[in-house]
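Peer 1: Provide a 3D model corresponding to the input given below.
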Amino acid sequence: MGGAFAAWFIVALISGGAGWALGLVPVVGAYPYTFLIAPAFGLGLSRMWLDISDDHTPSVTDAFRGFHDYLNAVLVNALFFLFTLLWSLLFLVPGIIKALSWSMAMYVLADNKGKSPMECLRESEKMTRGHKGKLFVFFLSWVGWFLLGVLTLGIGLIWIIPYLNTCLANIYKSLKSTAENAACAEIASPTEKNFVEFPREE
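Peer 2: From the prediction side, this is the model:
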C-alpha cells in the first residue's frame, strides 16, 4: 500500500497547489483544473484502486495512467456533473439518485479503457439499479470520518480517502459481478422476453 499512499499524496499535493494558485485568478478560479486535469488523475487513481483490490502492488506512476485516456476521463467527469446538475434543477432528491446511479462511471472507464463516456454512464446506471439505497447509506457512513479528517487539518484525509476509494473499488467489482450474473441468469431462463418457441412439426 506504500505506493498507493505515495501516489495519492502526490496527487493531493498537485491538486492542492493548483487549486490554491488558480484560486487567485479572478472569475476563472480553479475550474480549469477541476474539469480539465483532475479527471485524468481520478481515472489513474481509480485504476490503481482496482489493481489494489486485485492484490496488485501499485507504483507512484500509476496515478498518471489516466492521462493515457485523457479525453474520455474529462468527458465522463463533465457528463456526470452536467447530468447531475440538470436533474438537481428539478429537485435535490432526483439529483442525488442520479449521482448515485452514475457513481461507478469512472471505475467502468478504468476497467474498460476506450469505452465511450455515455457507455460508462449507462453501464454504471445498470449496475447500481436496485442498489442505490445501499450506496447512499455507504456514502453517508463516511461523513463522520471526513469531519474527523477536517478536524485534523486534513492530515487524517491522507488515510481516509485511499481507504474509501479502495472500498469503492471493491463495491464496483461486486456490483459488476452481480450485474453479470443477473444478465446470464436472464439469458438462461426461458422468460417471455428471451424464449422463442419453435413451431411443432405436424
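Peer 1: let me know the average pLDDT across the strand or helix carrying Val108.
Peer 2: Element membership for Val108, per DSSP states H and E: helix 105-111. The average pLDDT within helix 105-111 is 96.
Peer 1: that one: how far from the chain's middle?
Peer 2: Its chain's average C-alpha position is 6 Å from that of helix 105-111, according to C-alpha atoms, centre = their mean, to the nearest Å.
Peer 1: distance of the nearest residue to Phe64 once chain neighbours are set aside from Trp20?
Peer 2: The shortest distance from Phe64 to any non-neighbouring residue, by C-beta to C-beta, 6 or more residues apart in numbering, is to Gly44 (5.6 Å). For every residue, glycine as well, the C-beta is placed using N, CA and C. For Gly44, the distance to Trp20 equals 22 Å [C-beta to C-beta, to the nearest Å].
Peer 1: same drill for these two, tell me which one is more crowded.
Peer 2: Gly44 (22 against 10; other C-beta atoms under 10 Å).
Peer 1: mind checking the SS state of Lys155?
Peer 2: No Lys there; residue 155 is Ile. Recorded secondary structure, Ile155: coil (DSSP: H, G, I helix; E, B strand; the rest coil).
Peer 1: contacting residues around it?
Peer 2: Applying C-beta atoms under 8 Å, 6 or more residues apart in numbering, we find Ile155 in contact with Gly149.
Peer 1: look up how far Gly149 lies from it.
Peer 2: Ile155 sits at a distance of 8 Å from Gly149 (criterion: C-beta to C-beta).
Peer 1: Phe81 too?
Peer 2: Per C-beta to C-beta, Phe81 is found 23 Å from Gly149.
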